[in-house]
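Novice: sharing a sequence plus its predicted fold:
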Amino acid sequence: MSTTQQPANIPPRKRLFVTLMGFTCLIVVAIIFLAWWIPNRGLANIHPDLPRIVGIIMVVLSGIAILGTGLLVLTTALGKDIFLTRFMRLVVIKFLLPVIELVGRIIGLDKDRIRQSFIAMNNSLVMSQRMTVKPDRILVLLPHCIQLSDCEIKVTGDVHKCLQCGRCSIKGLVDVGSKYSVDISVATGGTLARKVIVEKKPKLVLAVACERDLTSGIKDCYPLPVIGILNERPFGPCFNTVVDVSKIDHALSQVLEAI
């Protein structure tokens, strides 16, 4: 796993993903044009009106690609659910992300930078829906590496076993969980994380992990909305990681339904 990460005080930016999304849109439009232009003469041989009909179809497809990109940009920029945000998340997660990762790899961009920007974009789309969720329908999901490796009290399965010594982030997270009365679970891997989600049936997940795990988790959980919080890895990946508890607190305050 790559150890590339944003500095702790600089949040991931959507700008990179939005730029790549626009670039990818141009590539798609160019491919659509070539798909019409190259066989154009052959189509005329079949029927004189066929190039015009196919051309209209290609223009419509190009328009959809451009309009969709524009709506995504406006939604993330304004933070408002302008039009079919849930469907647009599907397009971004299932279709655009793999293409954008490929484009980024071709032009030499670090994959974790792209993933950071994707996570920020996803969070913006989730927050733009202005969801309000009851505390018992929210799940805060943590990686096991958030706990110190030499701690004798293993909190996997029950964070309330924590002795509150304050040496790792678990204490602050337990305090936030108690403050908002939300469920917090620690998972040792993707399989267990999916099992916890199936068992608890949350309406929204707030997940802490690295770029790779958050990206794959967001993809696997769709259509369930996931807000991703990147961990910090001062000792390298998957070992004594840290999370800014204030980010968890702020995210929960934005989505919790007033009681």
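Specialist: Yep, that arrived.

Novice: burial count for residue 106?
Specialist: 8 (other CB atoms under 10 Å). Where C-beta positions appear, they are placed from N, C-alpha and C, glycine not excepted.

Novice: pLDDT score for it?
Specialist: pLDDT recorded at residue 106 is 88.

Novice: equivalent analysis for residue 136, please.
Specialist: For residue 136, pLDDT reads 93.

Novice: I'd guessed residue 244 sits against residue 232; true?
Specialist: Yes - Residue 244 is within contact range of residue 232, at 7.3 Å (criterion: CB atoms under 8 Å).

Novice: can you give the domain ranges for this protein?
Specialist: Domain assignment for the chain by automatic domain parsing gives 15-128, 135-255.

Novice: hey, least reliable of those by pLDDT?
Specialist: domain 15-128 (a mean of 78).

Novice: let's verify residue 206: helix, strand, or coil?
Specialist: strand (DSSP: H, G, I helix; E, B strand; the rest coil).

Novice: count of neighbours near it?
Specialist: Counted with other CB under 10 Å, residues neighbouring residue 206 total 24.

Novice: next up, the contacts around it.
Specialist: Applying CB atoms under 8 Å, 6 or more residues apart in numbering to residue 206 gives the contacts 138, 139, 140, 141, 226, 227, 229, 248, 251, 252.

Novice: can you tell me which of these are in helices?
Specialist: Taking DSSP state H, the ones among those that sit in helices are 248, 251, 252.

Novice: most neighbours, which of the residues you listed?
Specialist: residue 248 (24 neighbours).

Novice: element containing the closest residue to that residue other than its chain neighbours?
Specialist: Of all residues not flanking residue 248 in the chain, residue 176 sits nearest, at 5.5 Å (CB to CB, 6 or more residues apart in numbering). Assigned by DSSP states H and E, residue 176 belongs to helix 170-180.

Novice: chain center to that helix, what's the gap?
Specialist: 23 Å (CA atoms, centre = their mean, to the nearest Å).

Novice: what's the first helix or strand after it?
Specialist: strand 183-187.

Novice: ok, residues contacting the helix or strand following that next one?
Specialist: Scanning forward in sequence from strand 183-187 by DSSP H and E, the next helix or strand is helix 190-200. Under the contact criterion CB under 8 Å, 6+ apart, helix 190-200 has outside partners 139, 141, 183, 185, 187, 205, 207, 213, 216-217, 220-221, 224.

Novice: who has more neighbours, residue 244 and residue 232?
Specialist: Neighbour comparison, residue 244 and residue 232: the larger count goes to residue 244, with 18 against 15 (by other CB under 10 Å).

Novice: mind listing the strands for the protein?
Specialist: Counting by DSSP state E, the segments of the chain that form strands are 138-143, 183-187, 204-209, 226-230.

Novice: then the third one to PDB, C-alphas only?
Specialist: Pointing back at strand 204-209 there. Below are the C-alpha coordinates for strand 204-209, written out as PDB (Å, rounded to 0.1, in the frame of the first residue of the first chain):
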ATOM      1  CA  LEU A 204     -25.000   6.200   6.400                       C
ATOM      2  CA  VAL A 205     -21.500   5.100   7.100                       C
ATOM      3  CA  LEU A 206     -18.600   7.400   8.200                       C
ATOM      4  CA  ALA A 207     -15.500   5.400   7.500                       C
ATOM      5  CA  VAL A 208     -11.800   6.000   8.500                       C
ATOM      6  CA  ALA A 209      -9.100   4.400   6.400                       C
END
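
Novice: can you give the strand pairings for that strand, parallel or anti for each?
Specialist: strand 138-143 (parallel), strand 226-230 (parallel) (DSSP bridges).

Novice: list the buried residues for the last one?
Specialist: To tie it back to what came earlier, the one meant is strand 226-230. 226, 227, 228, 229, 230 (16 or more other CB atoms under 10 Å).
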